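[1] Just need the structure, nothing else, for what follows:
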Amino acid sequence: MIAEDPNIEVSVTSEYLPSHSQPEANRYAFAYHICIANRGQVAAQLLSRHWIIIDANQERQEVRGEGVIGEQPTIEPGAEYQYSSGVVLETSVGTMQGSYQLIDNDGNPFEAPIEPFLLSLPHAVH
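    Residues are numbered from 1 along each chain as shown. The predicted model follows:
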């Protein structure tokens, strides 16, 4: 098992995209905005991602891939890397969680967990 590094902090905000959604066709689009902060003493390169996406029907999708938005960024100590992406669900509420797989300057692989976050229409969940 690959170790986790507590010096990499991942924060997420999400939003519903009504202009890209078609509720009558069970198509709900969401954007999520990620900030990856390196609080450690060495640079880290993000190599890949693993997402687990679950909608309100308990339909589960897993997504694995290289980098994020076509990049494999190196995040220097004290720096942050931010990006936005999106997902389409068949329900108006769902969750995402996962992890990033990174490597430090010495070639040591590690993971940064991404805690579960909510995807929902405004006011759908109290």
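
[2] Please make it C-alpha for all contacts and neighbour counts, starting now.
    OK.

[3] Would you map the strands across the protein?
    For the chain, the strands defined by DSSP state E occupy 8-16, 28-38, 44-55, 60-66, 74-75, 80-89, 93-104, 109-120.

[4] And for the fourth one, what's in contact with it?
    Read it as strand 60-66. With contact meaning Cα atoms under 8 Å, 6 or more residues apart in numbering, strand 60-66 is reached by L47, S48, R49, H50, W51, I52, I53, I54, Q72.

[5] List buried members of these by neighbour count.
    Using 16 or more other Cα atoms under 10 Å as the burial test, those include L47, S48, R49, H50, W51, I52, I53, I54 as buried.

[6] Give the bridge partners for the fourth one, please.
    Put plainly, it is H50. Under DSSP bridges, the beta-bridge partners of H50 are R64, S99.

[7] contacting residues around it?
    E62, V63, R64, G65, G98, S99, Y100 are the contacts of H50 under Cα under 8 Å, 6+ apart.

[8] for the second one, same thing?
    Applying Cα under 8 Å, 6+ apart to S48 gives the contacts R64, G65, E66, G67, V68, Q72, Y100, Q101, L102.
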